[in-house]
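S.K.: What follows is a predicted protein model with its sequence.
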Amino acid sequence: MGQIVIVAYKPKPGKQEALKQLMKTHLPRLQQEGLVTDRQSIMMEAADGTIIEVFEWLSADAIATAHHNPVVQQMWGEYAEVCDYLPLNTLAEAGNMFATFSPFN
């Protein structure tokens with residue numbers, strides 16, 4: 001059974017455009033490794049520039065496999081260079097009844 005996740009990526013100073021470019025490759029790279037479903041991801045941007053992504057892993061096993069997959073590990077290293085991960089509840093929008101973000105893709 002699929003696992004839908006929501007992730008917030010806060011760009012490091014001066015790395016917003018690099019993060020945006022990397023985000024365009026995220027789902028395709030995971031698809032090439034057979035780790036996510038065919039469901040399209042939803043990407044959006046918070047007022048502070050944080051990018052939020054909603055996507056579906058193939059299964060809990062796929063998530064576990066990603067932690068040992070060299071291609072995914074390399075990609076996560078690329079993310080570490082351009083962003084930090086944030087809990088959703090740290091975004092100002094998360095405090096609203098209807099959290100509203102700008103479309104990214």
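M.R.: Alright, I've got the coordinates.
S.K.: outside of stretch 4-23, which residues touch it?
M.R.: When contacts are defined by CB atoms under 8 Å, 6 or more residues apart in numbering, stretch 4-23 is touched by residues 43, 46, 48-57, 78-79, 81-88, 90-91, 104. Every residue, glycine included, has its C-beta placed from N, CA and C.
S.K.: Let's see that with 6 Å instead.
M.R.: Stretch 4-23 has contacts (CB atoms under 6 Å, 6 or more residues apart in numbering) with 49-54, 56, 78, 82-84, 86, 88.
S.K.: Likewise for stretch 56-71?
M.R.: Contacts with stretch 56-71, where a contact means CB under 6 Å, 6+ apart, come from Gly2, Gln3, Ile4, Glu33, Leu35, Val36, Thr37, Arg39, Val72.
S.K.: For those residues, which single residue is the most surrounded?
M.R.: Counting neighbours by other CB atoms under 10 Å, the top entry in the contacts of stretch 56-71 is Val36, with 25 neighbours.
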